[in-house]
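Asks: sequence and computational prediction follow.
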Amino acid sequence: NAGVTQTPKFQVLKTGQSMTLQCAQDMNHEYMSWYRQDPGMGLRLIHYSVGAGITDQGEVPNGYNVSRSTTEDFPLRLLSAAPSQTSVYFCASRQMMGTLYEQYFGPGTRLTVT
Amino acid sequence: KNEVEQSPQNLTAQEGEFITINCSYSVGISALHWLQQHPGGGIVSLFMLSSGKKKHGRLIATINIQEKHSSLHITASHPRDSAVYICAVYSGGGADGLTFGKGTHLIIQP
């Protein structure tokens, strides 16, 4: 299994540009999520999905869109990039097993907005 | 919302030393995770536990549910253990159910 994959690994955008961060998993997990990681802060949830066709907002959703057309893919779209979106983005997936589960993270995308 | 505090924030030690990283949380949980992140790298799950103690190689994780506290221990530390260690608690509430600590930055010097 490849686990959770993310592309690209690095990206530089100009303010106002849009782009899509790709995320895919091959473990047939129902639950997928996007986090951002900023210096001095814990991981913060952007959006999440409990299954194909179902998405919802997390703690910091503004400026981002998601969709979940298949179980495998969960892309994150930046609508109009801003310097405040400079961060490292992690996609994750998990399969709930009662209240205990294993969460798998992708390798991350380091985004710089100038 | 659960508050998760990790200590210390930064730790530098010599190779071979016994390392302890602490995690405290404010609200009852059903599971706690310890994660490892190497510089510039991805995040890997080390342990998932809801009670007692787990051991994997030189790593040991313990949790005391009554005291809302967990510790991660590294025995015979090695420079390759240098990483950020993140505690995350699952309490089932909120969007994700997960709350992450800010991490402990560990450096092991040869």
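Replies: All right, it came through fine.
Asks: B:Q36 is in contact with B:H56, isn't it?
Replies: No. Assessed by CB atoms under 8 Å, B:Q36 is found out of contact with B:H56, at 11.1 Å. Glycine gets a C-beta too; all of them are placed from N, C-alpha and C.
Asks: what's the overlap in contacts for the two?
Replies: B:L46 (CB atoms under 8 Å, 6 or more residues apart in numbering or on different chains).
Asks: so between those two, which is more surrounded?
Replies: Per other CB atoms under 10 Å in any protein chain shown, whichever of B:Q36 and B:H56 has more neighbours is B:Q36, with 20 against 9.
Asks: contacting residues for that one?
Replies: B:Q36 neighbours (CB under 8 Å, 6+ apart): B:I43, B:V44, B:L46, B:A83, B:V84, B:Y85, B:I86.
Asks: filter the residues you listed down to the buried ones.
Replies: Among the contacts of B:Q36, those classed as buried by 16 or more other CB atoms under 10 Å in any protein chain shown are B:I43, B:L46, B:A83, B:V84, B:Y85, B:I86.
Asks: quickly list what the first one is bridged to.
Replies: So the one you mean is B:I43. Counting by DSSP bridges, B:I43 forms beta bridges with B:Q37.
Asks: ok, now the third one?
Replies: Beta bridges link B:A83 to B:L106, judged by DSSP bridges.
Asks: closest one of the buried ones among the contacts of B:Q36 to chain A?
Replies: B:I43 (4.0 Å; CB to the nearest CB).
Asks: the strands in chain A, which residues?
Replies: With strands called from DSSP state E, chain A shows them at A:4-7, A:10-13, A:19-25, A:31-37, A:44-51, A:54-57, A:64-66, A:76-78, A:87-94, A:103-105, A:109-113.
Asks: I'd like those strands laid out as TSV, including distance to B:D96.
Replies: Below are these laid out as TSV (distance: least, CB to CB, whole Å):
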stretch	distance to B:D96
strand A:4-7	16
strand A:10-13	24
strand A:19-25	15
strand A:31-37	6
strand A:44-51	5
strand A:54-57	10
strand A:64-66	14
strand A:76-78	15
strand A:87-94	9
strand A:103-105	10
strand A:109-113	19
